[in-house]
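In: Coordinates for the following, if possible.
(chains A and B)
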Amino acid sequence: MLDLKFIRENAGAVRHAIQVKGMDLDLDELLALDHELLGLRQRVEAMQAERNANAKLVPKATADERPTLIVKGKELGEELRALEPALRAHEEQLRQLLLRVPNIPHVSVPVGKDDSENVELRREGVLPEFAFKPLDHVELLELQGWSDPERVAQVSGSRSYLLKGEAVLLELAVQMFALDFLSVRGFTPLSTSALVRPETFVGSGHFPGGEDQVYKIEGDELMLAGTSEVPVNSLYAGEQLPLTALPMTFAAISAAFRSEAGSAGRDVRGLIRVHEFRKVEQYVLCRADETEALVWFGKILQNAEDLLTALELPYRVVQNCTGDMGAGKVLMYDLESWVPSEGLYRETHSCSYLGDWQARRTNLRYRDEDGKLTYAHTLNNTGIATPRILVPFLENHQQADGTIRVPEALQPYLAGKISLGKPVR
RNA sequence: GGGGGGUUGGCCGAGUGGUUGAAGGCAGCAGUCUUGAAAACUGCAGUGGGCUUAGCCCACCGGGGGUUCGAAUCCCUCACCCCUCGCCA
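Out: Numbers count the residues shown, from 1 in each chain, chains lettered A, B, ... in the order given. I've put the predicted structure just below:
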């Protein structure tokens, strides 16, 4: 959410953001509504002032004067009640529009319509060369007896996965590795529930708009979050933090659920796109200072890059264009890891800076140096997401005999093993 | 799942339906005192919004709704917290 005052005073910039982000929103409608609401509110407040003044006279009035005042109060009350529905409707309507107003992209963001116009910034790591015919991750899992696609489909439908044997240890090892890695860098580990209230999605900015991506719990007012960004963003909702509480940095581990509505037919095979997965997420809450926030952006990006480097996975850094970055974001970079079987890079991490857009929605403020209440800034980035990261992991580290090489950094998390699986060739 | 008790300003805590935006305390800020600090004393001090902006007005006592001339105070409802009985990994 943006400050209404800011929107009024910078209508041009907001209109531009709406356009380059490809959003369907009529700013003039919002501004007109805002203007109308202001007039309405002034009328209502004037009447409230009159009502209050009248009510204050009653206890001091004589017995003769009293009935007249009470009648007047009744009339004022009725008039007010007549205006209230309109006022409330206007407020709600404005709020709905306000929730859709996108954040202003950083000056560095390239303008583009969708992910095809994202800009590659650099490539890191060395692409593997195989002296044998490499398999894709689905074949590797099958080869080692680490999956059971037919049976899991029978139990949980499509887009569900099952791991078996050492692949399970690998999944947990990768998660634990990421958690340790971030914890050493000062991020507080957090284990969060994916089960959240609907308003937390409004807070994170996923609602309105992303409703169809979210699973609802029948009979409860709860839903399943697609990332711990959702609960963590609402953790301090409504609070007034002391300046000393910031920055807050979290490494939040949780299950993540996504309905994947609208992506039917895409990536149905394997571990790339599943309904339920697990993730270690980096989340940062800092002061409302863009310079400081961008330093944090660099840090959480570097953390993710260092994780990929430690896992010995080649990747590239991509800057998302305006059309692919989402309403709330000021700046967004994706990390894409190399998938040999497809001969391309696929998104495994997503790094975002949202300014105070989320904190306004959750009403999360802190007292600045001058004691002024200020909305905090928020950032987030993937730490590691499984099983998706296992796709590049298995494929890049496969060996001629069908076993999977374990990078040195991960070995302590796998009881010192240097490879996984049995030699099968 | 049953029963009981709660939710008031940054924190603690009082509050009889009528100048209560809310006593008191702590923390905060400014000042007096002091070589300095502490203590003590004095004063300031909630958040958001509007306007004809040294000021005035409106809203806010967990959320929403209601009763009333008037609600922190009465009623309904939802959420959360605590206690207790039962069940349970």
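In: Contacts only, for the residue of the stretch 251-400 of chain A at minimum distance from RNA strand B.
Out: Closest approach between the stretch 251-400 of chain A and RNA strand B, counting by C-beta to the nearest atom of the strand: residue A:373, at 4.3 Å. Placement of C-beta: from N, CA and C, glycine included. Counting by C-beta atoms under 8 Å, 6 or more residues apart in numbering, residue A:373 touches A:240, A:365-367.
In: Of all pairs in these, which one is the farthest apart?
Out: A:365 and A:367 (7.8 Å; C-beta to C-beta).
In: Show me whatever sits in contact with both of these two.
Out: Counting by C-beta under 8 Å, 6+ apart, the residues touching both residue A:365 and residue A:367 are A:240-241, A:373-374.
In: rewinding a little: which of the contacts of residue A:373 count as buried?
Out: A:365-366 (16 or more other C-beta atoms under 10 Å).
In: Does residue A:78 lie in a helix or a strand, and which?
Out: helix A:66-100 (DSSP states H and E).
In: need the residues of the stretch 1-150 of chain A near RNA strand B, please.
Out: A:5, A:38, A:41-42, A:45-46, A:48-49, A:51-56, A:58-59, A:69-70, A:73-74, A:76-77, A:88 (C-beta under 7 Å from any atom of the strand).
In: just how off-centre is stretch A:188-199 within its chain?
Out: How far stretch A:188-199 lies from its chain's middle: 12 Å, per C-alpha atoms, centre = their mean, to the nearest Å.
In: Please disregard the earlier target; I meant stretch A:149-156.
Out: Taking mean C-alpha positions (C-alpha atoms, centre = their mean), stretch A:149-156 and its chain are 30 Å apart.
In: Repeat that for stretch A:215-226.
Out: With C-alpha atoms, centre = their mean, you get 17 Å for stretch A:215-226.
In: list the buried ones in it?
Out: A:215, A:222-226.
In: got the phi/psi numbers for residue A:400?
Out: phi -50, psi -30 (degrees, to the nearest 10).
In: Which residues are in contact with it?
Out: A:131-132, A:425.
In: before we move on, what about residue A:94?
Out: A:30, A:33-34, A:37.
In: from the residues you listed, which would you call buried?
Out: A:30, A:33-34, A:37.
In: Got the confidence number for the closest residue in space to residue A:321 that isn't next to it in sequence?
Out: What sits nearest to residue A:321 in space, not counting adjacent residues and going by C-beta to C-beta, 6 or more residues apart in numbering, is residue A:112, at 3.0 Å. pLDDT for residue A:112: 97.
In: In terms of helices and strands, where is residue A:112?
Out: Going by DSSP H and E, residue A:112 is not in any helix or strand.
In: so how many other residues sit close to it?
Out: Neighbour count of residue A:112, defined by other C-beta atoms under 10 Å: 19.
In: for the one 10 residues further on, same thing?
Out: By other C-beta under 10 Å, 8 other residues sit near residue A:122.
In: Excluding chain neighbours, give the residue nearest to whichever residue of the stretch 101-250 of chain A sits closest to RNA strand B in space.
Out: Closest contact between the stretch 101-250 of chain A and RNA strand B, by C-beta to the nearest atom of the strand, is at residue A:240 (4.5 Å). Excluding the flanking residues, the one nearest residue A:240 by C-beta to C-beta, 6+ apart is residue A:365, at 5.4 Å.
In: so the one you found touches residue A:375, yeah?
Out: Yes - with contact defined as C-beta atoms under 8 Å, residue A:365 counts as touching residue A:375 (5.5 Å).
In: what residues do the two have in common as contacts?
Out: With C-beta under 8 Å, 6+ apart as the test, residue A:365 and residue A:375 both reach residue A:359.
In: Model confidence for residue A:56, exactly?
Out: Reading off the model, residue A:56 has pLDDT 88.
In: try the one 4 residues further on
Out: In this model, residue A:60 is scored at 81, pLDDT.
In: One more: residue A:372?
Out: Reported pLDDT for residue A:372: 85.
In: Can you give me the distance of the residue nearest to residue A:195 when sequence neighbours are not counted to residue A:127?
Out: Once flanking residues are discounted, residue A:195 sits nearest to residue A:222: 5.1 Å by C-beta to C-beta, 6+ apart. Per C-beta to C-beta, to the nearest Å, residue A:222 is found 44 Å from residue A:127.
In: Check which helices and strands the helix or strand hosting residue A:14 sits against.
Out: Here residue A:14, judged by DSSP H and E, is contained in helix A:11-20. With contacts taken as 3 or more C-beta pairs under 8 Å, 6 or more residues apart in numbering; DSSP states H and E, helix A:11-20 sits against helix A:27-57.
In: How far does the helix it packs on sit from its chain's centre?
Out: 36 Å.
In: Could you list the buried residues of that helix?
Out: Of all the residues in helix A:27-57, those buried under the rule 16+ other C-beta under 10 Å are A:27, A:30-31, A:33-34, A:37, A:40, A:44, A:51, A:54.
In: Between its first and last residues, what's the separation in stretch A:391-408?
Out: 19 Å (C-alpha to C-alpha, to the nearest Å).
In: quick one: average confidence on it?
Out: Rounded mean pLDDT across stretch A:391-408 is 98.
In: likewise stretch A:220-228?
Out: 92.
In: Could you list the residues in contact with it?
Out: In contact with stretch A:220-228 (C-beta under 8 Å, 6+ apart) are residues A:190, A:192, A:194-198, A:200-201, A:206, A:213-217, A:231, A:252-254, A:256-258, A:279, A:281, A:283, A:380.
In: Quick one: end-to-end length of that stretch, please.
Out: 20 Å.
In: what about that stretch, distance to the chain center?
Out: 13 Å.
In: Output stretch A:154-174 in PDB with nothing but the alpha carbons.
Out: Coordinates of each C-alpha in stretch A:154-174 appear next as PDB, following Å, rounded to 0.1, in the frame of the first residue of the first chain:
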ATOM      1  CA  GLN A 154      -2.600 -42.300  -6.300                       C
ATOM      2  CA  VAL A 155      -2.300 -40.900  -2.800                       C
ATOM      3  CA  SER A 156      -2.000 -37.200  -3.400                       C
ATOM      4  CA  GLY A 157      -2.800 -36.500  -7.000                       C
ATOM      5  CA  SER A 158      -0.600 -34.800  -9.600                       C
ATOM      6  CA  ARG A 159       2.100 -32.200  -8.600                       C
ATOM      7  CA  SER A 160       2.800 -34.100  -5.400                       C
ATOM      8  CA  TYR A 161       6.200 -35.700  -4.700                       C
ATOM      9  CA  LEU A 162       7.600 -38.400  -2.600                       C
ATOM     10  CA  LEU A 163      11.200 -39.000  -1.700                       C
ATOM     11  CA  LYS A 164      12.500 -42.300  -0.400                       C
ATOM     12  CA  GLY A 165      15.800 -43.500   1.000                       C
ATOM     13  CA  GLU A 166      18.800 -41.200   0.800                       C
ATOM     14  CA  ALA A 167      17.000 -38.600  -1.100                       C
ATOM     15  CA  VAL A 168      15.000 -37.800   2.100                       C
ATOM     16  CA  LEU A 169      18.300 -37.300   3.900                       C
ATOM     17  CA  LEU A 170      19.400 -35.100   1.100                       C
ATOM     18  CA  GLU A 171      16.300 -32.900   1.300                       C
ATOM     19  CA  LEU A 172      16.700 -32.400   5.000                       C
ATOM     20  CA  ALA A 173      20.400 -31.900   4.700                       C
ATOM     21  CA  VAL A 174      20.000 -29.100   2.200                       C
END
